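Visitor: heads up, no residue letters with this:
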């Protein structure tokens, strides 16, 4: 845990995390409220005869597992990078107001009953929440921008302020909305991974993939940034450029996940800390490991959410907190002893 | 014949929202010398060192590395020649000692930054020189303040720079480790490296430095060999008169001691 990161240790650890992720990705779609038979699913690949097992597996389960994996992994990477850039262990992807902006957009879209349009496979609510997320990140980025870089203290305060303002805006919209719409708003804010087909995820891939790439390429510099901007600059890190890239990358991928699934808490906070406890703090390993572990964690939580009170579902945000909280406290306690 | 490694020419700096200004300041660091920067709190020593390191950009003036303007170099290129250790370095992540020393190889790294055999050699040498190899696998949270400062020094030594800029590197060390630390700096400069060290330890600076800079009120007021600079006439101006300057019993260098009780002249001073 404390030896330097050699290519061999890097590969071994990442293969471990990767196998865990693959196991979850392979098993999670097979489990659900409806029993599906593997032989009938396989048959569906070779015949066009009506096949309920195949349809459930291929158009509901797999997209949902992939979506939960992508959202969980993305939030964990965003949180892991942001904790270093802000030098704050409590940082998580929603701390910079992105979720607040997204929630205002979503609640606004829900509050206008006649408002229905689609942009590709994205619903009105998704388009509005994406716009809200991007607006929030733009505002805090502008506020914290200096000629010498981005002020990390200011961006944190700006993010918290944007979240508070958005909270007030949501209360106002709720107050003015007709009561039967409030349930839909609450459900969105709790987060959910209900999805059919692959369209939404594919549409947001152009935000997710470059954003994730941008963060992963900063991993080496982030190790030095963990010791402060002066130390990093002295070692040859372009501090302002790295900070900008982290904020932009984090903003893009968090916006995409919030518009896909609502704000799902906890993953972006605890998974990075869990990975560091397991594998050390070298972010060249931490960030990709966060993607695997965060993805596996959210896919499993979603599995619980969609089966535990079948035939209905629980909001997955409740499960992430109930499952993740005690596990995280257990890790903290073990470290102490 | 000694060469100028790093030349600072008339640099000035002011912080946004503050009337305090530094400079214009000029000095140079030569091959194989320890240059001590002394001065009272808030005089601008740290700002001057940051400008020299290129961590801050001067508002006027220039810094040259062997004649070349450092403002035209990338941070990575600069860090291959000039290493800078800030005054306060801390992290809440529990890196291993070896990880931190290996971070010194960042400016030399390509791609994903895995250590090459050459990098490993530099890391081993830095661990050996700072006598930190015994706890190379220990996490930072298990180090004392003094061990931490030696590990951070190892990290900048692993950069294999031509100039080392150190901001109060011995503030957490006991007298034994302070002397060993400056002895280590003496060994380093013997190989041709130039070292600039900001310190409040006037006696260590006086004993080990080849030249001293005295910074006061945002300007370099004096520079020269310790024998000339550590004199009552110079020091009373900036440190007040509650000090006594004497001679070291074995080395031919001045030492500065605290004076007990208020002197008459103090009352007249502003």
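Guide: Nice, thanks for sending it over. Quick caveat, the model's predicted, so the values are computed rather than measured.
Visitor: In the stretch 1-150 of chain B, where is pLDDT below threshold?
Guide: Scanning the stretch 1-150 of chain B for pLDDT under 70 picks out the ranges B:1-2.
Visitor: Tell me where it has strands.
Guide: Along the stretch 1-150 of chain B, counting by DSSP state E, counting those that start in this stretch, strands occupy B:4-14, B:21-30, B:34-38, B:60-65, B:68-69, B:82-85.
Visitor: I'd like to know which elements the first one is packed against.
Guide: Under the contact definition 3 or more Cβ pairs under 8 Å, 6 or more residues apart in numbering or on different chains; DSSP states H and E, strand B:4-14 sits against strand B:21-30, helix B:45-53, strand B:60-65, strand B:194-198. For glycine as for every other residue, the C-beta is placed from the backbone atoms N, C-alpha and C.
Visitor: how about 10 Å then?
Guide: Taking 3 or more Cβ pairs under 10 Å, 6 or more residues apart in numbering or on different chains; DSSP states H and E as contact, the helices and strands that strand B:4-14 lies on are strand B:21-30, helix B:45-53, strand B:60-65, strand B:163-167, strand B:194-198.
Visitor: tell me the mean pLDDT for whichever strand or helix holds residue A:108?
Guide: Using DSSP states H and E, residue A:108 maps to helix A:98-111. Helix A:98-111 shows a mean pLDDT of 91.
Visitor: do stretch A:59-67 as well
Guide: The model assigns stretch A:59-67 a mean pLDDT of 91.
Visitor: again, but for stretch A:200-213
Guide: Mean predicted confidence for stretch A:200-213 is 90.
Visitor: need the contact list for the residue most central in space within chain A.
Guide: For chain A, the residue sitting closest to the mean C-alpha position, by Cα atoms, centre = their mean, is residue A:75 at 2.6 Å. Residues counted as contacts of residue A:75 (Cβ atoms under 10 Å, 6 or more residues apart in numbering or on different chains) are A:92-94, A:253-254, A:257-258, A:261, A:263-269, A:271-272, A:290-291, A:294-295, A:297-298, A:320.
Visitor: switch to 7 Å and redo it
Guide: A:93, A:257, A:264, A:267, A:268, A:294 (Cβ atoms under 7 Å, 6 or more residues apart in numbering or on different chains).
Visitor: can you count the residues close to the second one?
Guide: Read that as residue A:257. 32 (other Cβ atoms under 10 Å in any protein chain shown).
Visitor: how close does it get to residue A:129?
Guide: Computed as Cβ to Cβ, to the nearest Å, the residue A:257 to residue A:129 distance reads 10 Å.
Visitor: Chain A contacts on the stretch 151-270 of chain B?
Guide: Residues of the stretch 151-270 of chain B lying close to chain A by Cβ under 7 Å from any Cβ of the partner chain are residue B:159.
Visitor: can you check the stretch 1-150 of chain B too?
Guide: Proximity of the stretch 1-150 of chain B to chain A, by Cβ under 7 Å from any Cβ, involves residues B:53, B:55, B:75-76, B:78-79, B:83-86, B:89, B:91-96, B:98-99, B:102-104, B:106-107, B:109, B:112-115, B:137-139.
Visitor: List buried residues within the residues you listed.
Guide: B:53, B:55, B:75, B:78-79, B:83-86, B:89, B:91, B:93-96, B:98-99, B:102-104, B:106-107, B:109, B:113-115, B:138-139 (16 or more other Cβ atoms under 10 Å in any protein chain shown).
Visitor: List the ones among those residues that fall in helices.
Guide: In helices, judged by DSSP state H, the following of these are found: B:53, B:75, B:78, B:79, B:98, B:99, B:102.
Visitor: Pick the one among those residues closest to chain A.
Guide: Checking those against chain A by Cβ to the nearest Cβ gives residue B:79 as the nearest, at 3.1 Å.
Visitor: quick one, what contacts that closest one?
Guide: A:234, A:235, A:236, B:107, B:159.
Visitor: need those residues in TSV with secondary structure and distance to residue A:24, can you?
Guide: Converted to TSV, the contacts of residue B:79 look like this (DSSP: H, G, I helix; E, B strand; the rest coil; distance: Cβ to Cβ, whole Å):
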residue	secondary structure	distance to residue A:24
A:234	helix	42
A:235	coil	37
A:236	coil	39
B:107	helix	39
B:159	coil	42
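Visitor: with the residues you listed in mind, which one is nearest to residue B:254?
Guide: residue A:234 (32.0 Å; Cβ to Cβ).
Visitor: isn't that closest one right next to residue B:87, touching?
Guide: No - under the criterion of Cβ atoms under 7 Å, residue A:234 is not in contact with residue B:87, lying 11.5 Å apart.
Visitor: what about those two, which has more around it?
Guide: With neighbours defined as other Cβ under 10 Å, residue A:234 and residue B:87 compare such that residue A:234 has more, 34 against 15.
Visitor: residue contacts, that one?
Guide: B:53, B:55, B:79, B:83, B:84, B:85, B:86.
Visitor: cool, and residue A:152?
Guide: Per Cβ under 7 Å, 6+ apart, neighbours of residue A:152: A:85, A:86, A:87, A:243.
Visitor: Now distance to chain B and neighbour count too, for those, in CSV please.
Guide: Formatted as CSV, those follow (distance: Cβ to the nearest Cβ, whole Å; neighbours: other Cβ atoms under 10 Å in any protein chain shown):
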residue, distance to chain B, neighbour count
A:85, 13, 26
A:86, 11, 21
A:87, 7, 19
A:243, 13, 24
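Visitor: Report the two of those separated the most.
Guide: A:87 and A:243 (10.7 Å).
Visitor: who's in contact with residue B:245?
Guide: So residue B:245 contacts B:230, B:231, B:232, B:235, B:254, B:256 (Cβ under 7 Å, 6+ apart).
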